[in-house]
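> Pasted the sequence and its predicted model underneath.
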Amino acid sequence: MNKIYLALVIFAAACLTGCATNPVTGKQDFVLMSEEQEINLGRQAHQQIMKQYSAYENPALQDYVSSIVERLSAKSHRENLIFHVTVLDSPQVNAFALPGGYIYITRGIMAYMNSEAELAGVLGHEIGHVTARHGVRQQSASTVTGILAAVIGATAGVRGASDAANIAGTALLRGYGREHELEADRLGAEYLAKVGYDPEEMINVVGILKSQEEFDKQLAKEEGREPRAYHGLFSTHPANDLRLQEVIRAANKYRSKNDRPDDGTFLRLTDGMTLGPSEKEGVIRGNKFYHKDLDITITFPKGWKINNLPDRLIVSNKTQDAVMQVSLRDLNKRQTPKEFIQSEFGDELRSEREVNTESFKGYTAITKAKTPFGNQDTRIAAIFEGKQVYQILAAAKDPNLLKKYDKDFLATVDSLRKLRSNEKELAKARKIKLITAKQGDTFAKLAKNSPLSSHAEEQLRLLNGLYPKGEPTPGKPIKIVE
């Protein structure tokens, strides 16, 4: 008992030495990191982020976003920090911040903003996370969880205490949590008000993101998956969220005498912005995939969902009981396509044959492989191009389904070929185009001529902040896709 008491006294002393004044509240927070350490952490993490993402190549847009962050951060609780913001070339609807003043916003989320004030609302929210040191406070909480687990485990000899504490720490760090998100919204609204924006634009921003969440729930139900959501969205709609409205409207007391008019600069900068995957990632049109740099196209079964990841394509049917994976890797040995499959998966091949597509040669067979459904029969194809190999794996939940879908799998394998001259345009990424709405324009009419392959009407409404039932206003600018 004395050992436990002594250890907890030491732990309590460590807590006291780890307290720092919160720049926002002026109160003491428990943190195990100085401001210099926080900045260094952010700098190092930034390097890792930029290995996973690339910056969006639009200097005018990058400078514009940086200027907004500069204005907002100058009115923040940590005006001494130099904030660094990067527009990421990603279709994800996301924005996030690292400790020390590193902020990221994707072109994916910017596509759904329709004014400078809305964009400032997203950026102000992320600045709020930094100024309130939310990331540092979480990191400190995680460290304490580990220390406390070690203390209890070492002194009391409680088997599994460390695991239990780590589980608690994981739950604690799963997200900022509602209190921190509300605080970031409150701070963002305050910074908006101080530079001349209407702080209630924060409510509009949350509404836009809530519409994204509601649309994704519809898609998730159709695709048989879990819905995704931008961090910080609440269970209720912002129009009904009294706490959200209260913290944001409290910022009105900071309103600047000189409101910032919206001169349309932001909307003009979205004209020509890439929507969805970039050409570097490849473009999905219906059930076909086109890649300009690789100079290839491949066709998948109609109605199957194509998920374009950085290093592979994952394609699945609606019931999620059949899946295909396409990846590209270097060849490191002089082998035939059949020998490549045998070296990777073993010699027990069945239902095998050569592959002779319009452009490539390869080999395909059924053999045992690791799949999302376990280690079982899988259709494998290896298609060579120069010093690289396209590897296609196709699996189903049970052997009968593999037989059922094998014709579809083989048709996909045989469809891999080089782009024809008339397909080069199809490999170009979709772009946002800004037009002026005419009398009689509706999203249903605009959707008929849209290259968007599914839910075009809903997607156009989302792009223009008019989801689920809004319509264009004649004479006003609207975004379409080309």
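That came through, no problem. Numbers count the residues shown, from 1 in each chain.

> and after the element among helices and strands of the chain having the smallest mean pLDDT, which helix or strand comes next?
Every helix and strand of the chain was ranked by mean pLDDT, DSSP states H and E. The lowest is helix 161-172, at a mean of 34. In the C-terminal direction, the helix or strand that comes right after helix 161-172 (DSSP states H and E) is helix 177-195.

> so how far is that following helix off the chain centroid?
Its chain's C-alpha centre lies 22 Å from the corresponding centre of helix 177-195 when counted by Cα atoms, centre = their mean, to the nearest Å.

> Ok, stretch 334-353 next?
37 Å.

> what's Gln439 in contact with, if anything?
Gln439 is in contact with Pro474, counting by Cβ atoms under 8 Å, 6 or more residues apart in numbering. No exception for glycine: its C-beta is placed from N, CA and C like everyone else's.

> Show the pLDDT at it.
At Gln439, the pLDDT value in this model is 97.

> Kindly report the same for Leu209.
For Leu209, pLDDT reads 88.

> Using PDB, write out every CA atom in stretch 315-324.
Taking C-alpha atoms only, stretch 315-324 is exported to PDB below (Å, rounded to 0.1, in the frame of the first residue of the first chain):
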ATOM      1  CA  VAL A 315     -13.700  -2.500 -56.300                       C
ATOM      2  CA  SER A 316     -16.700  -4.200 -54.700                       C
ATOM      3  CA  ASN A 317     -20.200  -5.200 -55.500                       C
ATOM      4  CA  LYS A 318     -23.200  -3.700 -53.700                       C
ATOM      5  CA  THR A 319     -23.600  -6.500 -51.200                       C
ATOM      6  CA  GLN A 320     -19.800  -6.400 -50.400                       C
ATOM      7  CA  ASP A 321     -19.400 -10.100 -50.800                       C
ATOM      8  CA  ALA A 322     -17.100  -9.900 -53.900                       C
ATOM      9  CA  VAL A 323     -14.100  -7.700 -54.200                       C
ATOM     10  CA  MET A 324     -11.300  -6.900 -56.700                       C
END
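
> So what touches that stretch?
222-225, 300-301, 303-307, 313-314, 325-326, 371-372, 392-397, 401, 405, 409, 412.

> tell me the mean pLDDT for that stretch?
Average pLDDT, stretch 315-324: 93.

> before we move on, what about stretch 244-255?
92.

> So what's the gap between it and the chain middle?
Counting by Cα atoms, centre = their mean, stretch 244-255 comes out at 29 Å from the chain centroid.

> Ok, stretch 248-264 next?
That offset, for stretch 248-264, works out to 30 Å (Cα atoms, centre = their mean).

> in it, what's buried?
By neighbour count on 16 or more other Cβ atoms under 10 Å, the buried set for stretch 248-264 is 248, 251, 260.

> What separation do you get for the last one and Ile208?
In this view, Arg260 and Ile208 are 19 Å apart by Cβ to Cβ, to the nearest Å.

> swap in the second one?
To Ile208, Ala251 is 19 Å away according to Cβ to Cβ.

> Which parts of the stretch 301-450 of the chain are strands?
305-308, 313-316, 322-330, 350-356, 361-371, 374-385, 388-396, 417-418, 430-436 (DSSP state E, counting those that start in this stretch).

> Worst mean pLDDT among those strands?
strand 305-308 - the lowest mean pLDDT of the strands of the stretch 301-450 of the chain, at a mean of 88.

> Could you list the low-pLDDT ranges of the stretch 151-300 of the chain?
151-176, 223-224, 229-236 (pLDDT under 70).

> where do the helices sit along the stretch 51-200 of the chain?
Counting by DSSP state H, counting those that start in this stretch, the stretch 51-200 of the chain has helices at residues 59-74, 107-110, 116-131, 134-156, 161-172, 177-195.

> ok, now which ones touch the spatially most central residue of the chain?
Centroid check for the chain by Cα atoms, centre = their mean gives Gln92 as the closest residue, at 3.7 Å. Neighbour list for Gln92: 106, 108-109 [criterion: Cβ under 8 Å, 6+ apart].

> of all the residues you listed, which comes closest to Tyr363?
Nearest to Tyr363, judged by Cβ to Cβ, of the contacts of Gln92 is Gly108 at 38.6 Å.

> Am I right that the closest one is in contact with Asn94?
Yes. Gly108 is within contact range of Asn94, at 6.6 Å (criterion: Cβ atoms under 8 Å).

> Those two: who's more crowded?
Gly108 (21 against 16; other Cβ atoms under 10 Å).

> Please list all residues in contact with the more buried one.
Per Cβ under 8 Å, 6+ apart, neighbours of Gly108: 90-94.

> Redo the residues you listed as a markdown table? Include pLDDT and distance to Leu119.
Below are the contacts of Gly108 laid out as a markdown table (pLDDT from 0 to 100; distance: Cβ to Cβ, whole Å):
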| residue | pLDDT | distance to Leu119 |
| --- | --- | --- |
| Ser90 | 91 | 16 |
| Pro91 | 90 | 17 |
| Gln92 | 88 | 16 |
| Val93 | 89 | 13 |
| Asn94 | 90 | 14 |
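
> Quickly note the distance from the residue nearest to the centre of the chain to Thr364.
Distance of Gln92 to Thr364, given as Cβ to Cβ: 34 Å.

> Determine the number of other residues adjacent to the closest residue to Asp414 other than its chain neighbours.
Leaving aside its sequence neighbours, Asp414 sits nearest to Thr357 (Cβ to Cβ, 6 or more residues apart in numbering; 5.7 Å). Counted by other Cβ under 10 Å, the residues lying close to Thr357 total 16.

> again, but for Arg107
Arg107, neighbours per other Cβ under 10 Å, totals 22.

> Next one, pLDDT for it please.
Reading off the model, Arg107 has pLDDT 97.

> Hmm, His237 and Lys210 touching each other?
Yes. Judged on Cβ under 8 Å, Lys210 makes contact with His237 at a distance of 5.6 Å.

> Of those two, which one has the most company?
Shown here are Lys210 and His237; by other Cβ under 10 Å, Lys210 has more neighbours (20 against 15).

> In contact with Ala220, which residues?
226-228.

> what about Gln376, neighbour count?
15.

> these two touch, right, it and Ile366?
No. Using Cβ under 8 Å as the test, Gln376 is too far from Ile366 to be in contact (10.2 Å).

> Quick check: can you list the domain ranges of this structure?
Domain ranges of the chain: 2-269, 283-423, 429-481, per automatic domain parsing.

> For those, give me JSON lines that also has distance to Pro277.
Below are those laid out as JSON lines (distance: least, Cβ to Cβ, whole Å):
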{"stretch": "domain 2-269", "distance to Pro277": "6"}
{"stretch": "domain 283-423", "distance to Pro277": "5"}
{"stretch": "domain 429-481", "distance to Pro277": "7"}
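
> Looking at these, spot the one closest to Leu275.
Nearest to Leu275 among those is domain 429-481; the distance by Cβ to Cβ comes to 4.8 Å.
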